[in-house]
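Asks: any chance you could fold what I've pasted below:
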Amino acid sequence: MRGCFFVLLLGAALLAGIAWFAAKPLAEAVIGGALAASGYRAGSSTITATADPPPRLLLGHADRISVTGTDVVWRGLRADRLALTLSDVDLLGRTAGSVKGSLDGAELDSGSGPPAMPASVRLVGPADAAVATITVPGETVKATILGALKNVNASVTDVRLVAPDRVRLSWAGGSIDGQLVVANDHALGIATPLGTVSVMGIDPSLPLQLTSVSVADGALRLQGLLDVESLLRG
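Replies: Take a look at the predicted model:
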């Protein structure tokens, strides 16, 4: 009888040990599969999941999940480097309480229409409505606007960003100021007395809603809300 009781105790201890130490790699493998199913692809990627105590991971809950990757493609997002930390994560429901992270060397795919511009993206806030701050270097903006204006006014030779939200278009013998505007939540345009010209578009399938545009330190700064949970669900 004592022998049976000892065997049961030993078995329980072994199961507890397996649950304690195996929960983390098992959860990380499940997360990797869920990301792949959502359309996430990367040249290299590292996933780290933590919970206290660790066996909670086997029940589908993580206190924190960190994802880092290079050469990332994720639906309408492309980035040279990605680093995201999700907190209070329901692995089964693919929901999270909050997110914080960055994408460097990023391109927001336009889907069609005006081209995307390489940028850096910073994310912070609730996972279903994280504040996204998108910064595009001034020289990149200039080249993109000149390209977009080729079919509208080929005589424009120079573009200058002017704080807080203006752009100055110049040509031989004259110039005109326009206001940078967000159009239909998914495009950047220039509004002038002669009309509005679209200069950058974002694929509408990407769950990003642009809310404002400004000029700061010679760069273009777009702000919006990104639904990271929608990305996770694919």
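
Asks: C-alpha from now on. contacts and neighbour counts both.
Replies: Noted.

Asks: what strand or helix carries residue 146?
Replies: If you go by DSSP states H and E, residue 146 is part of helix 138-149.

Asks: for that helix, C-alpha coordinates in CSV please.
Replies: Below are the C-alpha coordinates for helix 138-149, written out as CSV (Å, rounded to 0.1, in the frame of the first residue of the first chain):
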residue,chain,number,x,y,z
GLY,A,138,12.2,64.2,-44.9
GLU,A,139,14.2,63.2,-47.9
THR,A,140,12.1,60.1,-48.4
VAL,A,141,8.9,62.2,-48.2
LYS,A,142,10.4,64.7,-50.8
ALA,A,143,11.2,61.9,-53.2
THR,A,144,7.8,60.3,-52.8
ILE,A,145,5.9,63.5,-53.3
LEU,A,146,7.9,64.4,-56.4
GLY,A,147,7.2,61.0,-57.8
ALA,A,148,3.5,61.3,-57.0
LEU,A,149,3.3,64.8,-58.7
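
Asks: hmm, who's touching it?
Replies: 114-115, 117-118, 156-161, 197-200, 218-220 (Cα atoms under 8 Å, 6 or more residues apart in numbering).

Asks: which is the next helix or strand following that helix?
Replies: strand 158-162.

Asks: averaged pLDDT, that next one. What do you get?
Replies: Mean per-residue pLDDT for strand 158-162: 92.

Asks: what's it packed up against?
Replies: Applying 3 or more Cα pairs under 8 Å, 6 or more residues apart in numbering; DSSP states H and E, we find strand 158-162 packed against helix 138-149, strand 166-171.

Asks: now render these as a markdown table, adding mean neighbour count, distance to residue 131 and mean pLDDT.
Replies: Formatted as a markdown table, these follow (neighbours: other Cα atoms under 10 Å; distance: least, Cα to Cα, whole Å; pLDDT from 0 to 100):
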| stretch | mean neighbour count | distance to residue 131 | mean pLDDT |
| --- | --- | --- | --- |
| helix 138-149 | 18 | 22 | 84 |
| strand 166-171 | 18 | 23 | 90 |
